[in-house]
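In: Okay, here's the prediction I keep looking at, along with the sequence it came from:
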Amino acid sequence: MIKKIDCRKPLKLLFAAALLCLQISAQANKFVVTGTVVDDNGKPLEGAYVTLDGRLSCEEWKGWEDIRNSHFTDAGGKFRIETFDKRSSFLQFLYVTSPPVGVDTFFPPFLNSCPTDKAKPPVPILLEAGDETESENLEVQLWYSPVTIYLLGKDNQPFLKGKEWEKIWLTYRDEKKRFIQSGGIRDAELDTAIERSVGSITVSLPEGEWYVEIQPDGEKGKWIAKTEKIIVRKQMPLRIILKPIINRLKSRKQ
């Protein structure tokens with residue numbers, strides 16, 4: 001049986017119904033969640049990131065392993081998520097972010113960074129064994145914007161060349177400079193996120209205020225480039241020019 005949920009309707013009734021129906025069973029059951037994500041104009045949105053998660057607040061975040069499942073929407077804005085659980089019914093939440101551009105800096109259900117003042121509330125979903133839950137008109141709750149960072153040397157030419165781009169490490173901090181996450185660049189992103197001819201890298205950042213640090217992976221401390229506070233607004237591309245600071249002492253030792 002397919003249950004349909006119109007995600008534009010008030011959520012209070014969904015919460016109440018879900019909390020009354022939680023049950024436990026001894027066997028692992030299969031649960032299916034499908035749906036369609038739409039943009040602000042109600043049109044299907046391709047490439048949106050949909051995550052099924054059991055936590056409602058960022059204080060409950062304990063790591064990537066807590067995320068139940070996630071999926072990108074297809075050309076028609078549709079997604080399908082399958083998961084298994086011993087319970088016969090339980091409450092989950094659907095988190096939706098806009099399609100990433102450049103380096104995908106997806107912050108797990110935007111819980112770790114807690115930009116709750118910028119995000120719409122997640123959609124509660126009551127999963128029941130044997131039923132397929134379909135979410136209609138699911139709206140994006142948090143939008144990402146492309147931020148293009150130019151790494152230039154003193155001569156205003158690209159600071160990095162060739163394969164040097166493959167070895168950079170990015171660190172993201174919130175408005176209070178608290179660590180959020182860090183990571184390198186995936187092979188699939190080398191051609192889409194980096195423009196070697198002008199020395200730039202494009203990252204996706206959610207609405208809010210952020211700091212970004214770039215340095216060489218495996219040689220941290222050799223040089224580093226830090227942004228000032230980046231104020232990201234919905235679907236507003238930004239361009240930033242940085243000139244890395246070189247650690248002369250460490251360079252001599254090497």
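Out: Received the coordinates, thanks.

In: how much space between the nearest residue to residue 141 once chain neighbours are set aside and residue 140?
Out: Once flanking residues are discounted, residue 141 sits nearest to residue 120: 4.1 Å by C-beta to C-beta, 6 or more residues apart in numbering. No exception for glycine: its C-beta is placed from N, CA and C like everyone else's. Distance of residue 120 to residue 140, computed by C-beta to C-beta, to the nearest Å: 8 Å.

In: ok, those two, which is more surrounded?
Out: Between residue 120 and residue 140, counted using other C-beta atoms under 10 Å, residue 140 has the larger neighbour count: 22 against 13.

In: show me the residues around that one that make contact.
Out: Counting by C-beta atoms under 8 Å, 6 or more residues apart in numbering, residue 140 touches 37, 39, 40, 45, 48, 96, 97, 98, 120.

In: three-state assignment of the third one?
Out: Residue 40 falls in the coil class when you classify it by DSSP: H, G, I helix; E, B strand; the rest coil.

In: Leaving out sequence neighbours, find the closest residue to residue 205.
Out: Residue 205 sits nearest to residue 232 (C-beta to C-beta, 6+ apart), 4.8 Å away.

In: is it true that that neighbour touches residue 207?
Out: Yes. With contact defined as C-beta atoms under 8 Å, residue 232 reaches residue 207; the gap is 5.5 Å.

In: Return every residue with contacts to both of these two.
Out: Joint contacts of residue 232 and residue 207 (C-beta under 8 Å, 6+ apart) are residue 145.

In: What is the burial count for residue 71?
Out: 18.

In: Sheet-wise, list the partners of the one helix or strand it maps to with their directions.
Out: Here residue 71, judged by DSSP states H and E, is contained in strand 69-72. Using DSSP bridges, strand 69-72 pairs in its sheet with strand 49-53 (antiparallel).

In: Just the C-alpha atoms of the partner strand, please, in CSV.
Out: Extracted in CSV, the C-alpha atoms of strand 49-53 (Å, rounded to 0.1, in the frame of the first residue of the first chain):
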residue,chain,number,x,y,z
TYR,A,49,19.9,15.7,-2.0
VAL,A,50,17.3,13.9,0.1
THR,A,51,18.3,12.3,3.5
LEU,A,52,16.3,10.1,5.7
ASP,A,53,17.4,10.6,9.3
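
In: Do me a favour and average the pLDDT over that strand.
Out: On average, the pLDDT along strand 49-53 is 85.

In: what do you get for stretch 161-181?
Out: Stretch 161-181 comes out at a mean pLDDT of 88.

In: can you confirm the residue nearest to residue 141 is in a helix?
Out: No. Under three-state DSSP, residue 120 falls outside any helix and is assigned coil.

In: Dihedrals phi and psi, it?
Out: phi -70, psi 160 (degrees, to the nearest 10).
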